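Sequence isn't available, so here's the structure alone:
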């Protein structure tokens, strides 16, 4: 299958071609590619695309894959509805 | 990496890159920019992505207006092919007391003197602009239709690309280890990749600006504090403008790709370099945001993070040379609105360094605090 048809980030519809292009343009860390392409910014938070992108960076730059830093894990761990938080703390605004 | 430069810029955020680009555009192409991590790794990449002209001091209004004009013509001015996702659907500022409304009226007078198209709105008109808005207890508001959103990463990278094209050398993942001074003049910058001989250094290190200045023995009157922010899953368009309330101390907008970004100014946050997220923020943010926009209740929060505001005494930037050390310049103290002012700040700093007539009639030098010419910006979250 051609690179432009392989989806690497399913949350944001980012293709293998776009990821390879970004790496070749000098965005050689997962954090940079996230900011420029939005990979890992969707609901899965990079849990599916992160390792795939790490492998691409490794192959193109020659950096061993174990030396490539994965993206920061940011809370909350999974998506959480606003109302689920309110169920816990109430909706009265504490200033 | 070059070992000699006319100017070394410290900081690869949007302010540093805008300064480097504008220096090169003015003919000083021999510029080296040093960034300890990646571009946008600090406050630029952590901000709320808003661009607004509705400020309470004339100079903030002027710099914001000029910056918006540059955002509007970004590709043509910088001659780059990069979409900065500019969305001009306005900023709606909410007033919950007569005093707040009075402040808005004052601000609008200043804004109108600069032809910024802001206006007062009634609660009913606010509801027409944002149909999902809860107008309970709302006294009125202010609206400016040409305010809005731009993508900070794309703007930052755009400035970097345009600067590189003009000859600027950008060194990512390079850390400044010291600044050499001789007879009160800059002679060079030490980095972990070698020494760069230079007579001019620009400190555009955002939340770390005060630490950089300590290397030349100067205590800047600024400090950094954590501000937290969150983003939701993308949903269909339902909020056109950025919503802001100074009494709730919050801002909230829906970006062009559909997710909501929101944050609030913390109370009693101590000066620090802390960029950790807190559960407390999620709770308070959820209460405030769902009061204003009840339909948010069924939307998922997917990520939260924090960044540093670099606070100055009057909540306006310091864009200045330093009298104590010949060749040391600072662009710091943006107090949470560096991104939206960066286009104009780059031009201003290039004027200062080249000793040209200032393009904008503003007083942002550091000596203003000693002279006591300080009018604080009243409209900051």
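Here it is on my side, so go on. Everything numeric here is computed off the predicted structure, so don't read it as measured data.

distance of residue B:146 from residue B:131?
21 Å (Cβ to Cβ, to the nearest Å). Just so you know, the C-beta spots here come from the backbone N, C-alpha and C atoms, and that holds for glycine as well.

Report the secondary structure state of residue B:330.
strand (DSSP: H, G, I helix; E, B strand; the rest coil).

Which one's more surrounded, residue B:146 and residue B:131?
Between residue B:146 and residue B:131, counting by other Cβ atoms under 10 Å in any protein chain shown, residue B:146 is the more crowded of the two (18 against 10).

wait, that one sits on residue B:69?
No. Look at residue B:146 against residue B:69 with Cβ atoms under 8 Å: they stay out of range, at 9.6 Å.

burial measure for residue B:98, as a count.
10.

so what's the backbone phi/psi at it?
Backbone torsions for residue B:98, taken as degrees, to the nearest 10, come to phi -60, psi -30.

which non-adjacent residue is nearest it?
residue B:139 (6.3 Å; Cβ to Cβ, 6 or more residues apart in numbering or on different chains).

And for that neighbour, the neighbour number?
Neighbours of residue B:139 under the rule other Cβ under 10 Å: 17.

Tell me how far it lies from residue B:253.
For residue B:139, the distance to residue B:253 - Cβ to Cβ - is 22 Å.

mind listing the helices for chain A?
For chain A, applying DSSP state H gives helices covering A:16-24, A:30-37, A:50-61, A:82-89.

What does the pLDDT read for residue 84?
In the absence of a named chain, chain A is used. In this prediction, residue A:84 carries a pLDDT score of 96.

please go with chain B instead
pLDDT for residue B:84: 97.

Equivalent analysis for the one 10 residues further on, please.
The predicted structure scores residue B:94 at 98 on the pLDDT scale.

what residues are up against it?
Going by Cβ atoms under 8 Å, 6 or more residues apart in numbering or on different chains, residue B:94 touches B:126, B:138, B:141, B:243-245, B:247-248, B:292.

what's the residue closest to the geometric middle of the chain?
Unless you meant another one, I'm taking chain A. residue A:40 (1.6 Å; Cα atoms, centre = their mean).

ah, no, chain B please
Nearest to the mean C-alpha position of chain B, by Cα atoms, centre = their mean, lies residue B:338 at 1.6 Å.

any idea which element the closest residue to it other than its chain neighbours lies in?
Leaving aside its chain neighbours, residue B:338 sits nearest to residue B:15 (5.4 Å; criterion: Cβ to Cβ, 6+ apart). Here residue B:15 sits within helix B:14-25, counting by DSSP states H and E.

which residues touch residue 45?
Reading this off chain A. So residue A:45 contacts A:73-74, B:302-303 (Cβ under 8 Å, 6+ apart).

Chain B was what I was after
A:35, B:13, B:152-153, B:156, B:307.

With pLDDT added, can I get those in TSV?
Supplementary listing: these in TSV, determined by pLDDT from 0 to 100:
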residue	pLDDT
A:35	94
B:13	98
B:152	98
B:153	97
B:156	98
B:307	97
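
quick one: which of these is nearest to residue B:83?
residue B:153 (11.4 Å; Cβ to Cβ).

Flag the shaky bits of chain A, pLDDT-wise.
Applying pLDDT under 70 to chain A flags the ranges A:94-95.

What residues does it have near chain B?
Contacts of chain A with chain B, taken as Cβ under 8 Å from any Cβ of the partner chain, map to A:29, A:31-32, A:35-36, A:38, A:41-43, A:45, A:72, A:74-76, A:79-83, A:85-86, A:88-95.

Now with 7 Å, please.
Residues of chain A lying close to chain B (Cβ under 7 Å from any Cβ of the partner chain) are A:29, A:31-32, A:35-36, A:43, A:45, A:74-76, A:79-83, A:85-86, A:89, A:91-94.

Show me which residues of the stretch 51-200 of chain B sit near chain A.
So far as Cβ under 7 Å from any Cβ goes, the stretch 51-200 of chain B lies against chain A at B:153, B:157.

all strands for the stretch 51-200 of chain B, in order.
Secondary structure of the stretch 51-200 of chain B (DSSP state E, counting those that start in this stretch): strands located at B:91-95, B:118-121, B:140-144, B:148-149, B:169-171, B:176-182, B:185-191, B:194-197.

And the shortest one, what does it pack against?
Spelled out, that is strand B:148-149. The helices and strands touching strand B:148-149, judged by 3 or more Cβ pairs under 7 Å, 6 or more residues apart in numbering or on different chains; DSSP states H and E, are strand B:50-51.

Skipping its backbone neighbours, what lies nearest residue 85 in space?
If you meant another chain, say so; for now it's chain A. Closest residue to residue A:85 apart from its sequence neighbours, by Cβ to Cβ, 6+ apart: residue B:286 at 4.1 Å.

think we crossed wires, I meant chain B
Counting by Cβ to Cβ, 6+ apart, residue B:151 is the residue found nearest to residue B:85 once chain neighbours are left out, at 4.1 Å.

per-residue confidence at the residue nearest to residue B:27 when sequence neighbours are not counted?
Closest residue in space to residue B:27, ignoring its immediate chain neighbours: residue B:354 at 8.0 Å, by Cβ to Cβ, 6+ apart. pLDDT for residue B:354: 98.

burial count for the residue nearest to residue B:283 when sequence neighbours are not counted?
Nearest non-adjacent residue to residue B:283, counting by Cβ to Cβ, 6+ apart: residue A:89, 4.7 Å away. For residue A:89, the count of nearby residues is 15 (other Cβ under 10 Å).

Distance-wise, check whichever residue of the stretch 1-150 of chain B sits closest to chain A relative to residue B:212.
Closest approach between the stretch 1-150 of chain B and chain A, counting by Cβ to the nearest Cβ: residue B:38, at 4.8 Å. To residue B:212, residue B:38 is 18 Å away according to Cβ to Cβ.

got a list of contacts for stretch B:336-353?
Residues outside stretch B:336-353 that contact it (Cβ atoms under 7 Å, 6 or more residues apart in numbering or on different chains): B:7, B:14-15, B:18-19, B:21-23, B:26, B:43-44, B:47, B:50-52, B:63-64, B:66-67, B:70-71, B:152, B:200, B:202, B:206, B:227, B:309, B:317, B:319, B:321, B:329, B:331, B:334, B:357-360, B:380.

oh sorry, the question was meant for stretch B:212-225
So stretch B:212-225 is contacted by B:10, B:176, B:178-179, B:181, B:203, B:205, B:207, B:209-210, B:269, B:271-273, B:308-313, B:322, B:324-325, B:328, B:330, B:332-333, B:369 (Cβ under 7 Å, 6+ apart).

likewise stretch B:245-257?
Residues outside stretch B:245-257 that contact it (Cβ under 7 Å, 6+ apart) are B:48-50, B:85, B:87, B:94, B:96-97, B:100, B:149, B:234, B:237-239, B:242-244, B:260-265, B:288-289, B:292-293, B:379, B:381.
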